[in-house]
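Chemist: after the sequence you'll find the predicted model.
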Amino acid sequence: MTILAQAILNGLLIGGVYALVAMGLNLMFGVMKLVNFAHGEFLMAGMYVAVALAGLGLPAGTFGIYWVALPTTFLMAAFGLAFYLLLLDRAAHFGESPQILLTIGLSIGAQGLAQVVRGSDFQLVPNPVNGAALHLGALSLQLGPAIAFVVALAVTIAMARVLRRTRFGKSARAVAESVETAEMLGIDARRVYVASTAIAIGLVGLAGALLIPYHYTFPNVGQNFVVVAFLAIVIAGLGNVVGAVFGGLLMGVMQSLTASYLDLDLSTAAIYVLFLAVLLLRPQGLFSRGRRTL
Amino acid sequence: MRKIFLSSLALAVGGALAAIFAGGAARAADQVDIAVIAPLSGPNASVGEMIVNASKLAAEDVNTAGGIKSLGGAKLNLIIADATNDPQGAITTTERVLTQSKVAGAFGLALSPLTTAALPAFVKHHVPVITSAISDALVTPSNGGYLFQIAPKGSAFGNQQVEFLKFLNEKYKMGITKAAILYVNNPYGIATEKGIEQLAQKAGLDIVLNSAYPESITDASPLVSKVQQSGAQVLFPVSYISDAGLLLTALRSANSHVLVIGGGAGFIWPAIGQSLGDKVNGLTSVASWNLDSKNIKSDPKLAAVAARYSKTYNTFMPEQAGEAYAGISVLAAAVEAAGSADPAKVRLALQTLDVKSGGGALMQPGEVSFDANGANTHVMPVMIQWQNNVPHTVFPEAVATSAVTKP
Amino acid sequence: MRRAIAICALWALAAFAGLATKSDYLVSVATATAFLALWGQSWNLLSGLTGNISLGHSVFVAVAAYVTLLLFQDAGLSPLLGGVAGIAAAVLLAAVIGAATLRLKGPYFTLATLSAAAVVLSLILHYSELTGGPSGIAIPFAEDSPAKLEFTNVRAYFLIAVTLLAAVTLFLAFFRKSRLGFYIAAIKSSEEAAAAAGIHVARIKVLTFCVSAALTGLGGVVYVFFIGFADPNFLSGLTLSVEIALIAVVGGTGYLVGPIVGAVFYETIDAGANAFLGAAGGWDVMILGFSVVALVMTEPRGLCALAQGVAARLARRPPPPAGESVR
């Protein structure tokens, strides 16, 4: 029983980071119908930004390192803005294959750029969160992932409210439903695109900042997370931003359960199998009712 | 915009082709070319960087000491190339370097798949190559006699780890009988795991968990859960950097008191020390090379090499760097002995050479010679323990310079 | 017919150039380029023509190569025969994956192919007694032997690769004009209309996927003997799948020679950057990636469209006649 509970907890905690990565990915897909294959490299960039900021100094206290979270989020959001204006603004009309080509090219180039600028070293700023834990009876939770999980949940609730209540949210949902209709209603689709990209990249930057207390930063780090995030958004339902969070958590739990009960070695294969099964039985995703909603 | 793009593209392609065709033209007569082919991009770029850094130091040292004397003081010249991270890249790069330059020999490749893939090109061009990859499968008659493995064989690592455990058990009366093995599912992990398993059984250890895990994991807590469930008292993990970091973090979080005897790589490179700070001290691991083994500490010249490395590159000298320095020095010694930069003669010299002094003596136990299959006959892995944020050699006694503290 | 003649002429030119080139290095880069182009062509048959973008095509390279290699190693079967079994295995896998996933559209299909390839890779790694696991299988070189696809001279592989490439290109040229090609074109423009016209959309798509897998596998069989080493993480990895798709789109999916142009472009930059900047670490990868970005921002339809555009512009504005001053 303890084993099962621990496995599920472990999965949920790592799922928090997947969720943050997946949320941004799905926001961009929902609004722009664009699969951003460079999303992992934005995570990597976020981690490097956070590591650089942490290098400036850490306030005393266990949670000192988390001061970098907000600045990283905003810096990465600005980065997202530039990404949109420089590349996506034109690429939005390119069609699927050129968009895939663009984001894959960007992904390869960004890995090289990171190595050129920051070197190939594995970086981790020593901090008290790394290796610390919360203990609940017989269960133990790693502190870093636990914080990431809590933040991910808070961000999900906030995002759900933003999408329901704010003008941006309503416009974004309208654009996701149909660009033509939205524009007829007087919504500026381009502004929605810009804002969505900035938010999506900001979120993945936040994920990066939450990772650096306990995970190494290196040029290829994004690849380890992004494929899982891809699978998560399809399982949740493409374009379903809040669903993506559950997709991310599910991926984490699935990995953890396979590792605990089947074979460590097959934990990657298991999520792909789950993914294929969902895809074939419920192509609209687990958390969408037939049509796309943000 | 398009025109600019097209014309610049044409220029780039033209330039590249012209340069490739023109390449390999003139080489000064008083210079000996040595190729250093290592992964300098992709996930293993940091390994390549260590190799290149140390190779440069080694070449510098040979040259300031008067170059190759049997060739009238000819200077070593390194030709550094990126083997990339896939076999196709390793083949193409090797083919390019060996076609364009008349090298006396080569060092590098570092990873078993890259070495396996590139080997036929070395055989075809009759150029000997020294590798720091550890796979046992590399040093068999099928390598054609062109491959020389300066590092210990993968299976030897496991042996040393188990021997070390026996030593600890006796010294501290730890009474450890249950062992867990976790290894990353790549050639490096598999090679090391085999050795641990075989010897552990012979040594009467009960292996309660033996499992591979995928490369590029993002969370190690399932691994730790498995170890805890298994009731293991000692864990032999074989990991790279990122997974080693995650594993140690998860172990600490889970308040695990299992004894960790690391399988090299991730547990001994500078990154783990930098990230864990003081908490790294006490951690033990096997290593294919360490900077303060007896052969180095007892020779001021060799000790100075490790000191210069850390001064130049701001980290202590890691294992891949030590092997690269020794490898380049051994190549230089072979050129010296052959009295020729002809790779065929250098190869013959490597087969009969017995290096006991100079940079080659950096390898434990201070002597390098290769057997008929290219394996390093003298070398043995060492056990290190992190003390004062640097790995110290603590076992076996023949090369140890520090006493082990109870981990 | 004119196309066929042009393809044969290009083949003869390439073959001659390969034989005349002295540098083994250039020939080996050219061979790798030809294989990549071959896979790009096969990919284009499915993805370019039907619009279903696959990011798992390397799995067919791996399956065909592994089956052939294992039959060769364990049963002593010549790769010329074993290759047939290898290709059959790739087709079988394509039929299974295709039947399950081809009704999916857009990114769903793309991620499904990516996942299927990842599952196969995990299985190859897991069942190491059979497949050699992550260490892969090195092919020991014994002697020159066409029946074992073993040659000392890299030009032999080059000739095979360009011949296969030319054959596949010819096949594609005819395929587009064939009834099946016509059906596929109809499906691409509108699945609903095609179905209404009585075309078995699902069956045709699966068939196309199988043909694409067979051609990819064909390349894989020879390729593994060319590099002499089956490394699962490479042969069945995402990197190779991405490269295959990348070069086809870089060249232009709507063009018969698109994947060839794309492969030459990509490999030239890759090899050039590696040769001149490889020692600097990271620069080669950065330049490769950003060249692709620059290209796609310049002309999203690829290099062939770019060349056409430039040619059209030159035709409209003829260069000033000699003697006249240019302002």
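Modeler: Great, that's in hand.

Chemist: what backbone torsions are found at the closest residue to chain A within the stretch 51-200 of chain C?
Modeler: Nearest to chain A, among the residues of the stretch 51-200 of chain C, is C:Ser122, at 3.5 Å (Cβ to the nearest Cβ). (Each C-beta comes from the backbone N, C-alpha and C, glycine too.) Backbone torsions of C:Ser122, given as degrees, to the nearest 10, read phi -60, psi -40.

Chemist: give me the most central residue, chain C.
Modeler: C:Trp39 (1.4 Å; Cα atoms, centre = their mean).

Chemist: let me know the pLDDT of it.
Modeler: Per-residue confidence at C:Trp39 stands at 97 (pLDDT).

Chemist: mind checking the SS state of it?
Modeler: helix (DSSP: H, G, I helix; E, B strand; the rest coil).

Chemist: next, the contact list for it, please.
Modeler: Counting by Cβ atoms under 8 Å, 6 or more residues apart in numbering or on different chains, C:Trp39 touches C:57, C:61, C:216, C:219, C:244, C:259.

Chemist: kindly report the same for C:Val261.
Modeler: With Cβ under 8 Å, 6+ apart, C:Val261 has these contacts: C:250-252, C:255, C:302-304, C:307.

Chemist: which element is it on?
Modeler: Using DSSP states H and E, C:Val261 falls within helix C:258-277.

Chemist: any idea of the mean pLDDT in that helix?
Modeler: 94.

Chemist: after that helix, next one along is what?
Modeler: Counting by DSSP H and E, the next helix or strand C-terminal to helix C:258-277 is helix C:283-298.

Chemist: quick revisit: for the residue of the stretch 51-200 of chain C closest to chain A, give its distance to B:Ser216.
Modeler: Per Cβ to Cβ, to the nearest Å, C:Ser122 is found 12 Å from B:Ser216.

Chemist: now B:Ala133
Modeler: Relative to B:Ser216, and taking Cβ to Cβ, B:Ala133 is found at 20 Å.

Chemist: which of those two has more neighbours?
Modeler: With neighbours defined as other Cβ atoms under 10 Å in any protein chain shown, B:Ala133 and B:Ser216 compare such that B:Ala133 has more, 24 against 16.

Chemist: wait, the more buried one touches B:Leu109, no?
Modeler: Yes - applying Cβ atoms under 8 Å, one finds B:Ala133 in contact with B:Leu109, separated by 6.1 Å.

Chemist: shared neighbours of the two, which are they?
Modeler: B:Thr115.

Chemist: now do the contacts for the residue of the stretch 51-200 of chain C closest to chain A.
Modeler: By Cβ under 8 Å, 6+ apart, the contact list for C:Ser122 reads A:265-266, A:268-269, A:272, B:214.

Chemist: still on that earlier bit, how about the nearest residue to the residue nearest to the centre of chain C, chain neighbours excluded?
Modeler: Once flanking residues are discounted, C:Trp39 sits nearest to C:Ile244: 4.6 Å by Cβ to Cβ, 6 or more residues apart in numbering or on different chains.

Chemist: what mean pLDDT does the one helix or strand C:Leu111 maps to get?
Modeler: Using DSSP H and E, C:Leu111 falls within helix C:106-126. Helix C:106-126 carries an average pLDDT of 89.

Chemist: any idea how far chain C is from B:Ser310?
Modeler: B:Ser310 is 20 Å from chain C, where distance means Cβ to the nearest Cβ, to the nearest Å.

Chemist: neighbouring contacts of whichever strand or helix holds that residue?
Modeler: Secondary structure from DSSP H and E places B:Ser310 in helix B:300-313. By Cβ under 8 Å, 6+ apart, the surrounding residues in contact with helix B:300-313 are B:53-54, B:57, B:61, B:291-292, B:295-297, B:316-317, B:321-322, B:325, B:359, B:361-362.

Chemist: quick one: the strands in chain B?
Modeler: B:31-38, B:75-82, B:105-108, B:129-131, B:147-149, B:178-184, B:206-213, B:234-238, B:259-262, B:284-287, B:382-387, B:390-395 (DSSP state E).

Chemist: roughly how far apart are A:Gln111 and A:Gly222?
Modeler: A:Gln111 sits 8 Å away from A:Gly222, going by Cβ to Cβ.
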